[in-house]
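Visitor: Give the three-dimensional model of this entry:
(2 chains)
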2 protein chains.
Amino acid sequence: MGSLPNQKQENGFTGASIKPLDPEEFRRQGHMVIDFLADYYKSVDKYPVRSQVEPGYLRKRLPESAPHEPEAIEEILQDVQKDIVPGITHWQSPNYYAYFPSSGSIAGFLGEMLSTGFNVVGFNWMSSPAATELESIVMDWLGKMLKLPSSFLFSGGGGGVLQGTTCEAILCTLVAARDQMLNKIGRDNIGKLVVYGSDQTHSALQKAAQIAGIEPKNFRAVQTTKATAFGLTPEALRATIESDVEAGLVPLFLCPTIGTTSSTAVDPLEPLCEVAKEYGMWVHVDAAYAGSACICPEYRHFLDGVENADSFSFNAHKWFLTTLDCCCLWVKNPSALVKALSTYPEYLRNKATDSNQVVDYKDWQITLSRRFRSLKLWMVLRSYGVANLRKFLRSHIQMAKNFEGLIGMDKRFEVVVPRNFATVCFRISPIEIGKNHIVSKEDATNEFNCKLLESINETGKIYMTHAVIGGVYVIRFCVGTTLTENRHVNLAWKTIQEHANALLSMS
Amino acid sequence: MGSLPNQKQENGFTGASIKPLDPEEFRRQGHMVIDFLADYYKSVDKYPVRSQVEPGYLRKRLPESAPHEPEAIEEILQDVQKDIVPGITHWQSPNYYAYFPSSGSIAGFLGEMLSTGFNVVGFNWMSSPAATELESIVMDWLGKMLKLPSSFLFSGGGGGVLQGTTCEAILCTLVAARDQMLNKIGRDNIGKLVVYGSDQTHSALQKAAQIAGIEPKNFRAVQTTKATAFGLTPEALRATIESDVEAGLVPLFLCPTIGTTSSTAVDPLEPLCEVAKEYGMWVHVDAAYAGSACICPEYRHFLDGVENADSFSFNAHKWFLTTLDCCCLWVKNPSALVKALSTYPEYLRNKATDSNQVVDYKDWQITLSRRFRSLKLWMVLRSYGVANLRKFLRSHIQMAKNFEGLIGMDKRFEVVVPRNFATVCFRISPIEIGKNHIVSKEDATNEFNCKLLESINETGKIYMTHAVIGGVYVIRFCVGTTLTENRHVNLAWKTIQEHANALLSMS
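Guide: Numbers count the residues shown, from 1 in each chain, chains lettered A, B, ... in the order given. Take a look at the predicted model:
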């Protein structure tokens, strides 16, 4: 800190004049951070994937208050390396197989840079026409890639919008459905509305229901079973609905999933939409993870029936090279969204909106302010092209198949549920564990697999997470990180086997 | 498009292997975009501030579908310049005085780059400890800078969280308040809950109430008047509450504002909190715009009384050099938020959470996934330091004072409401307009000022927006863009005068 005057200059503060957006200083520091990140990607496979710090590690390292005087970028970047990187779980590591991926790419990164650089607040068309128009165009492009029916596209009377996450997409559509229904049956019937998912549906649905004021006891997580690979059956749905209707309740909203979080199970859209239709329910299809794969013709059949849904979303930030956050939502009836979510205060009034010729996306989402997210999606689509994007997704699926094959060759292991995409749910089988113990119960098996997973994750060599499906503890191996190659998958399998050997020999 | 093989290589696609995150390619393209943006900032004052395109301009320029084959970054950046930049309203232009600023800076940009580069999904502590811990630390730093009572800081049992926007902050606190109240009075009383703001409160409050399932007729926009500079009076609030209570309704939530959107009016926190306390209401203080200024001791008095509120938020992306989006929310009772917003599905279970030693921010907000926003706030605080941040805010306020002085010297104009911060609400006075016309009515004055504003904005030289306060149409001149200097303000005034001359001479 001996060179304060210099540091001030470096940060754009030169004596009396304060220039935090000086173009040449922007250039200098910007190049520095690009190099920092390029070097990070070069060595990201060397870091322990799951951070190994203990709770509270950072408070011990950082001062108690913000500095009074400016600090140099060089110093700050050193601290990023020294204090922040050890506390990062490296989602971009090729050895990351946990949760679902957070799929980064050069194009996605550049799009985010441009969006941050322009830093426009595109709440309505007027506030930055390009932000609105590019979003509508790109959502039509992507809708066509997914072969969504034209009723979901702007050209067919529907339309797409970029939100942050699926949680927001579900909340917005649920609120639209709620208000549509309450306008029919009277607002004081809010306590009668029922929301349906399965016991495999993402917690986002329950959270959205909570936020939207749905009576908590009217949330249904319909049971699924191994017999249908944990997909929701129309029969189970119908039975639940019928009993609700008998009790005087009003079925409101169904959220089937294409690729559940626990096991990437697929709910059958066609028959489920038929049941929902009978009861006048809104159907929102959550394809957060697996939607990406449906741009490949051989996976598109998973979306069959979407034409009878009301809305559809997937996360481009999960497995589509578009950095966090970027959830793509299409609706058939934008005016239902707009009716539930619009406000038009005087200070936002403008000619374009009054002309009814433009889309004002603020009325399609929770927040007023919104980032220029379409830039990154546009750059991903253009930089890679449809053909390569398909190739990229298929390469992950191929790696997952390879992993599945490796499991198949080791009789101690089993794949617990069928693999649909690039996620494999496996475990050491009960028989193997029961061999040395007298127990062969599920409890002991679950406990063993839990121990196995923790012993692997602790090493930092790879990172996987777990799920419990139908009472069975499974280890999830999800391929999808941009840097992962087949050699990483093979090494991961070796690591898993080594830990299994060690644990089994001790048991 | 004659050099496809080359272009493929440039995008990281080399034949069979697909490398969208190749470090050297990342470096090359990253540097290119840094230069693009540095050049943009160098010339941003040359662009028409408000975009001059017509609705639908972009659809005419872009293809109908995404490209099948990859395109080169050089080509894409050319298209950004050619097709996107004309459709941008330049919020970073020094000639931008519209709405509130979207305050960019080198440090904010670099923080966003690092966040995007690491691309972690920090929903809980485990998923990236640094993301959670840095956020808690930085929110304590910032809370201390604002001299928030310790009950809002982690050290005092409260805590801070970074959300996207104020809309989310209000929705989250409203849902927490709602569930706390319904747990007392029974869930079937949701139709009785009443939410209070003033007729100057941001539309975010009404939207949050809509989303949270508050009966629309139970939303109160209590009238304000010029007599109190459009601040909400405790007397008016009390009268409204009393009449609601008499009608059997239940007062739930009050949202006073420090710096309203229309005129930067300030609601008096101390007496308003007293009234709210009597009725057991949750008070959320919305300081979206003016919160920043309160890090200067001479503005801190606007927050007096905040110690009796339940939650407080301001937008660091508005006037605090932290690019969109970044809303800072503090709450006294985090467990109220967590009770209303938490879910803990099996696939997210982990030791750290079970130990109760960590914060899991997913339970403090609407969405599960969340970006590493604290990096940019941390970099802003360190790169500039508290002293310079104050200096920076004061320089904007000084420029607004200068502008006010210029208005004062031209008898045709008037400042309509007192200036509190860096926003001036002014107009051509009725007398001036009535001089040549027989009318001196407010309607004619409003219409004239509306015309004046539109004629100025159409030129693209500067961009201002309007508000209607107490029936009076005002032009808002908001200083806060990072690149704005006093010379820009002087030029803006000259432009305004020229247009006034022209319009007045025609009338």
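
Visitor: which residues does the residue in chain A positioned nearest to chain B contact?
Guide: The nearest approach of chain A to chain B comes at A:G213, 2.3 Å away (CB to the nearest CB). To be clear about C-beta, it is placed using only N, CA and C from the backbone, and glycine gets the same treatment. Going by CB atoms under 8 Å, 6 or more residues apart in numbering or on different chains, A:G213 touches A:178, A:190, B:178, B:190, B:212-214.

Visitor: export these to JSON lines and tack on pLDDT, secondary structure and distance to B:W319?
Guide: Shown next, in JSON lines, are these (pLDDT from 0 to 100; DSSP: H, G, I helix; E, B strand; the rest coil; distance: CB to CB, whole Å):
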{"residue": "A:R178", "pLDDT": "98", "secondary structure": "helix", "distance to B:W319": "36"}
{"residue": "A:I190", "pLDDT": "97", "secondary structure": "helix", "distance to B:W319": "38"}
{"residue": "B:R178", "pLDDT": "98", "secondary structure": "helix", "distance to B:W319": "30"}
{"residue": "B:I190", "pLDDT": "97", "secondary structure": "helix", "distance to B:W319": "36"}
{"residue": "B:A212", "pLDDT": "98", "secondary structure": "coil", "distance to B:W319": "28"}
{"residue": "B:G213", "pLDDT": "98", "secondary structure": "coil", "distance to B:W319": "33"}
{"residue": "B:I214", "pLDDT": "98", "secondary structure": "coil", "distance to B:W319": "30"}
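
Visitor: of those residues, closest to A:P251?
Guide: A:P251 has its nearest neighbour among the contacts of A:G213 in A:R178, at 12.3 Å by CB to CB.

Visitor: The closest one contacts A:N189, doesn't it?
Guide: No: when contacts are counted by CB atoms under 8 Å, A:R178 is not listed as touching A:N189 (10.5 Å).

Visitor: quick one, which of the two is more surrounded?
Guide: More neighbours surround A:R178 than the other of A:R178 and A:N189, with 25 against 15 (other CB atoms under 10 Å in any protein chain shown).

Visitor: quick one, phi/psi of the nearest residue to that one once chain neighbours are set aside?
Guide: Computed as CB to CB, 6 or more residues apart in numbering or on different chains, the closest residue to A:R178 that is not its neighbour in sequence is A:A212, at 5.8 Å. Dihedral pair for A:A212: phi -80, psi 0, per degrees, to the nearest 10.

Visitor: What's the local residue count around A:A212?
Guide: Neighbour tally, A:A212, other CB under 10 Å: 26.

Visitor: Return the residues in contact with it.
Guide: Contacts of A:A212 (CB under 8 Å, 6+ apart): A:171, A:174-175, A:178, B:211-213.

Visitor: Chain A: strands as residue ranges?
Guide: Secondary structure of chain A (DSSP state E): strands at A:13-14, A:17-18, A:159-163, A:193-198, A:219-222, A:250-254, A:282-286, A:311-315, A:327-331, A:413-415, A:423-428, A:465-469, A:472-478.

Visitor: got TSV for the ones you listed, with mean neighbour count, mean pLDDT and distance to chain B too?
Guide: TSV is the format used below for the strands of chain A (neighbours: other CB atoms under 10 Å in any protein chain shown; pLDDT from 0 to 100; distance: least, CB to the nearest CB, whole Å):
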stretch	mean neighbour count	mean pLDDT	distance to chain B
strand A:13-14	20	48	5
strand A:17-18	18	68	5
strand A:159-163	26	98	9
strand A:193-198	26	98	10
strand A:219-222	19	98	10
strand A:250-254	27	98	12
strand A:282-286	26	98	12
strand A:311-315	28	98	8
strand A:327-331	28	98	9
strand A:413-415	18	97	18
strand A:423-428	26	98	11
strand A:465-469	22	97	5
strand A:472-478	23	98	8
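
Visitor: can you tell which of these is closest to A:S355?
Guide: Closest approach to A:S355 among the strands of chain A is made by strand A:159-163 (17.6 Å; CB to CB).

Visitor: neighbouring contacts of the closest one?
Guide: Residues outside strand A:159-163 that contact it (CB under 8 Å, 6+ apart): A:135-136, A:139-140, A:142-143, A:152-154, A:169, A:172, A:313, A:326-331, A:334, A:359, A:361, A:364-365, A:373-374, A:377.

Visitor: Now A:R373: closest residue in space that isn't a chain neighbour?
Guide: Per CB to CB, 6+ apart, closest to A:R373 is A:L162, 4.4 Å.

Visitor: next one: A:V85
Guide: That would be A:Y47: by CB to CB, 6+ apart, it lies 7.2 Å from A:V85.

Visitor: correct me, but that neighbour touches A:T89?
Guide: No: if you go by CB under 8 Å, A:Y47 and A:T89 don't touch, sitting 9.4 Å apart.

Visitor: who's more crowded, the two?
Guide: Counting neighbours by other CB under 10 Å for A:Y47 and for A:T89 shows that A:T89 has the greater number, 28 against 19.

Visitor: show me the contacts for the more buried one.
Guide: Taking CB under 8 Å, 6+ apart, we find A:T89 in contact with A:49-51, A:98, A:463, B:120, B:126-129.

Visitor: let's see 7 Å
Guide: Taking CB atoms under 7 Å, 6 or more residues apart in numbering or on different chains as the criterion, A:T89 is in contact with A:49-51, A:463, B:120, B:127-128.

Visitor: what's the answer for A:Q180, then?
Guide: By CB under 7 Å, 6+ apart, the contact set of A:Q180 is A:A336.

Visitor: ok, it to A:V331 distance?
Guide: As defined by CB to CB, to the nearest Å, A:Q180 lies at a distance of 12 Å from A:V331.

Visitor: for A:A444, same thing?
Guide: Separation of A:A444 from A:V331 (CB to CB): 48 Å.

Visitor: Kindly confirm whether my reading is correct that A:L483 touches B:L21.
Guide: Yes: counting by CB atoms under 7 Å, B:L21 is a contact partner of A:L483 at 5.5 Å.

Visitor: The two: who's more crowded?
Guide: Counting neighbours by other CB under 10 Å for A:L483 and for B:L21 shows that B:L21 has the greater number, 24 against 19.

Visitor: That one touches A:S105, doesn't it?
Guide: Yes: here B:L21 reaches A:S105: they are 5.8 Å apart, a contact under CB under 7 Å.
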